[in-house]
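[1] fold the following for me, if possible:
(one chain, ligands or ions: 2)
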Amino acid sequence: MSILLGIDIGTSSTKALLLDSENGVIDVASQGYEVIVPQMGYAEQNPGKWWNAVCDTLGKLKSDHQAAFEKIAAVGLSGQMHGLVAVNANGKPVRPAIIWLDQRSNRQVEEIKKLLSEDEIKRIAHNDPYTGFAFPSLMWIRENEPEHYRQIDKVLMPKDYIRYRMTGAYGADASDASSTTCFDVRARGWSEEFICRTGLDRDFFPDCHESTEIAGEVSPECERQTGLRAGIPVIFGGGDQQCQCIGNGAYQEGVVVSNIGTGGEIASYIAEDIYDPKLRTHTFCHAINKAFIIYGATLCSGMSLRWLKDNILKKQSFEELSDMAAQIPAGSEGIVFLPHLTGERTPYMNPKSKGIFFGLQLIHDDRHFARAVMEGVAFGLKGTLDIFDELGIGVERIIASGGAATSPVWLQIQADIFGKEIVVSQVKEQACLGAGILAALGTGIFRTAQDSSHLIAFDKTVYEPSAKTKNVYDEAYQLFVDLYENNKDLFERTNI
Ligand SMILES: Nc1ncnc2c1ncn2[C@@H]1O[C@H](COP(=O)(O)OP(=O)(O)O)[C@@H](O)[C@H]1O
Ligand SMILES: O=C(CO)[C@@H](O)[C@H](O)COP(=O)(O)O
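    Numbers count the residues shown, from 1 in each chain. Ligands and ions are numbered 1, 2, ... in the order given. This next block holds a predicted model:
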């Protein structure tokens with residue numbers, strides 16, 4: 001039996017999970033923080049807040065489980081993807097991190113599309129460049145903040161910054177780095193061609209490794225701040241989507257995860273680098289087996305409910321919103337919500353798209369809004385299932401993941417709208433568990449991901465699609481699709 005530590009740098013919170021390799025999760029600690037929106041279309045976070053959250057969550061685990069904490073054999077990391085942390089020669093961020101929800105770099109995305117041919121983008125990156133991805137964000141800094149650009153020594157992704165704080169060593173891993181745009185997904189390394197063509201400094205990009213390789217060890221300074229013993233190996237770790245799939249046991253084709261965290265994704269493991277020829281989904285490197293992951297992203301998923309709770313309805317808890325939604329019938333009595341609060345990726349890849357509540361009538365109240373938001377997010381995710389169908393990606397089983405998987409009403413909505421059975425893992429912090437499993441793989445405690453299968457069990461409740469709601473949801477889904485199509489020209493008229 002070995003003790004492992006998995007850390008996930010999420011967008012809403014950092015979670016740290018103490019894992020017994022034979023008997024499962026010992027405990028999880030989490031600490032939340034905000035997404036800073038300094039102006040319309042911007043989304044930033046302070047990397048120092050992530051680090052403080054790591055120190056605080058580890059402090060809590062240590063005080064509650066001293067004996068197990070002392071025995072930690074390896075640390076694994078998972079993190080929100082795409083974001084850019086630019087650090088100077090002393091390893092200090094030169095500005096706040098520009099995260100995946102950011103939309104400021106539309107001009108740079110267009111520039112990339114002029115510098116690289118469509119064929120090169122497909123063949124090499126397998127993904128459309130998009131706002132909030134590190135490559136266009138870096139070009140935005142070069143153009144708009146030359147004083148910051150001049151100070152940059154390295155560009156890191158969120159969890160890579162945390163690994164640097166733990167070990168003192170810079171590095172990147174293929175699963176996360178493949179989500180930056182300047183990456184050759186099949187070759188599993190930075191695209192020298194893309195970097196050269198855009199005139200960015202090659203030295204900014206740290207060496208890239210596989211997720212399960214050992215990156216370094218806990219430094220004495222990290223020991224002082226977190227209580228972790230110096231010398232513990234730290235593995236490179238992976239993007240949170242790859243990690244949550246591993247933590248859900250979804251490491252074979254046909255098993256699909258529907259994740260609703262801050263963002264939302266429908267994701268599948270793929271052995272070969274299949275990608276959508278229309279680039280409506282993402283194909284990135286997986287964190288295991290030198291395989292790949294294909295997924296569609298509905299950007300403001302959990303974030304839409306958080307926005308409704310905090311900015312509009314001013315409610316205290318997500319549970320309250322779930323209770324409200326449960327009081328309203330399927331279809332929200334005619335309200336359809338387009339969750340494009342920061343544009344939308346799959347299937348539209350349009351940072352200019354906007355949120356809409358459609359169909360408002362005198363009968364509606366706050367409960368309808370809560371339900372319509374949950375349904376709108378599920379409609380957005382269904383768009384990915386439709387593309388999977390087109391691409392021949394099998395969907396034999398759907399596992400719900402992320403914070404929203406704690407809401408029975410949202411789980412039933414997903415089952416009904418997807419028309420598929422939904423199961424939920426007993427471990428609620430799946431990306432963290434995935435990070436812990438990567439740590440076990442990196443240190444030889446597990447030989448293959450399948451060696452972790454005893455750690456993954458599903459709740460007895462299976463959410464079955466209801467025949468009764470099928471017609472209502474089929475009609476509402478068509479409205480949802482038409483809502484975008486009929487308004488997309490209007491979105492162009494707005495500033496962002
Ligand atoms: N009880 C709940 N009912 C409905 N939604 C919930 C509940 N708890 C969490 N959520 C959703 O989960 C989101 C956070 O998910 P999480 O996976 O923790 O995010 P991240 O990984 O980005 O930090 C919230 O924004 C919210 O939309
Ligand atoms: O943009 C994506 C994936 O493509 C996001 O999902 C981020 O990876 C953040 O994840 P969460 O914090 O929402 O789990």
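[2] what residue of this structure is the furthest out?
    Leu362 (37.2 Å; Cα atoms, centre = their mean).
[3] relative to Ser332, how far out is that residue?
    Leu362 sits 15 Å away from Ser332, going by Cβ to Cβ, to the nearest Å. Bear in mind the C-beta positions are built from the backbone N, C-alpha and C, glycine included.
[4] which neighbouring elements make contact with the helix or strand hosting Pro136?
    Using DSSP states H and E, the element containing Pro136 is helix 134-144. Applying 3 or more Cβ pairs under 8 Å, 6 or more residues apart in numbering; DSSP states H and E, one finds that helix 134-144 contacts strand 97-98, helix 106-115, helix 146-151.
[5] quick one: the strands in the stretch 351-496 of the chain?
    Under the criterion DSSP state E, counting those that start in this stretch, the stretch 351-496 of the chain contains strands at 356-358, 395-401, 422-424.
[6] one step back: looking at the helices and strands packed on helix 134-144, which is buried most?
    strand 97-98 (a mean of 27; mean count of other Cβ atoms under 10 Å).
[7] is any residue of that one near ligand 2?
    No: against ligand 2, strand 97-98 shows no contacts by Cβ under 6 Å from any ligand atom, the least distance being 12.2 Å.
[8] could you list the low-confidence segments of the chain?
    Along the chain, the model assigns pLDDT under 70 to residues 495-496.
[9] would you mind listing what in it touches ligand 2?
    10-11, 80-82, 100, 240-241, 261-263, 265, 297.
[10] what's across from the residue lying closest to Pro351 once chain neighbours are set aside in the sheet?
    Spatial nearest neighbour of Pro351, excluding adjacent residues (Cβ to Cβ, 6 or more residues apart in numbering): Gly343 at 3.6 Å. According to DSSP bridges, the partner residues bridging Gly343 are Leu341.
[11] now for Gly343: which residues touch it?
    Contact partners of Gly343, counting by Cβ atoms under 8 Å, 6 or more residues apart in numbering, are Gln103, Thr131, Leu299, Asn350, Pro351, Lys352, Ser353, Lys354, Ile496.
[12] could you rerun that using 10 Å?
    41, 101, 103, 106, 130-132, 299-300, 349-355, 491, 496 (Cβ atoms under 10 Å, 6 or more residues apart in numbering).
[13] and the end-to-end length of stretch 218-231?
    Stretch 218-231 has its terminal residues 5 Å apart, counting by Cα to Cα, to the nearest Å.
[14] name the element the spatially closest residue to Gly237 that is not a sequence neighbour belongs to?
    In this structure, Gly237 finds its nearest non-sequential neighbour in Leu77, 3.1 Å apart by Cβ to Cβ, 6+ apart. Assigned by DSSP H and E, Leu77 belongs to strand 72-79.
[15] quick check: phi and psi at Tyr295.
    phi -150, psi 160 (degrees, to the nearest 10).
[16] and it, what are its bridge partners?
    Here Tyr295 sits in beta bridges with Ala267, His282, going by DSSP bridges.
[17] from one end of stretch 165-172 to the other, what's the distance?
    End-to-end for stretch 165-172, by Cα to Cα: 14 Å.
[18] now do the buried residues in that stretch.
    Neighbour-count burial for stretch 165-172, counted by 16 or more other Cβ atoms under 10 Å, picks out Arg165, Met166, Thr167, Tyr170, Gly171, Ala172.
[19] from Lys92, how far off is the nearest residue to the fourth one once chain neighbours are set aside?
    In this structure, Tyr170 finds its nearest non-sequential neighbour in Pro206, 4.1 Å apart by Cβ to Cβ, 6+ apart. When Cβ to Cβ is the yardstick, Pro206 and Lys92 sit 16 Å from each other.
[20] the helices in the stretch 1-150 of the chain, which residues?
    Secondary structure of the stretch 1-150 of the chain (DSSP state H, counting those that start in this stretch): helices at 47-64, 66-70, 106-115, 118-120, 134-144, 146-151.
[21] chain center to the helix ranked longest in the chain: distance?
    Longest helix of the chain, by residue count under DSSP state H: helix 366-391. Remark: helix 366-391 is offset 17 Å from the chain centroid, using Cα atoms, centre = their mean, to the nearest Å.
[22] do stretch 426-440 as well
    14 Å.
[23] what comes up buried for that stretch?
    Here stretch 426-440 shows 427-440 as buried, counting by 16+ other Cβ under 10 Å.
[24] with stretch 10-27 instead?
    Residues 10-21, 25-26 are the ones in stretch 10-27 that count as buried (16+ other Cβ under 10 Å).
[25] residue contacts, Ala435?
    4-9, 15-17, 19, 75-79, 159, 211, 235, 237-238, 240, 242-244, 246-247, 287, 429.
[26] what number of residues lie near the residue nearest to Tyr170?
    Residues within reach of Pro206, counting by other Cβ atoms under 10 Å, total 18.
[27] distance check, it against Cys182.
    Using Cβ to Cβ, one obtains 13 Å as the distance from Pro206 to Cys182.
[28] which residues are common contacts for those two?
    Common neighbours of Pro206 and Cys182 (Cβ under 10 Å, 6+ apart) are Val155, Trp190.
[29] burial count for the closest residue to ligand 1 within the stretch 101-250 of the chain?
    Distances between the stretch 101-250 of the chain and ligand 1 by Cβ to the nearest ligand atom are smallest at Asp240, namely 6.4 Å. A total of 33 residues lie near Asp240 under the criterion other Cβ under 10 Å.
[30] next one: the one 3 residues further on
    As a burial measure, Cys243 scores 32 neighbours (other Cβ under 10 Å).
[31] got the CA positions of the host helix or strand of it in CSV?
    Using DSSP H and E, Cys243 maps to helix 240-247. What follows is helix 240-247, C-alpha atoms only, in CSV (Å, rounded to 0.1, in the frame of the first residue of the first chain):
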residue,chain,number,x,y,z
ASP,A,240,-7.9,18.4,-16.1
GLN,A,241,-10.0,16.8,-18.8
GLN,A,242,-7.6,13.9,-19.3
CYS,A,243,-7.2,13.5,-15.5
GLN,A,244,-11.0,13.5,-14.9
CYS,A,245,-11.4,10.7,-17.5
ILE,A,246,-8.7,8.7,-15.8
GLY,A,247,-10.3,9.3,-12.4
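[32] relative to whichever helix or strand comes after that helix, what are the paired strands and their orientations?
    Later in the chain than helix 240-247, the nearest helix or strand by DSSP H and E is strand 254-260. Applying DSSP bridges, strand 254-260 is found paired with strand 264-270 (antiparallel), strand 395-401 (parallel).
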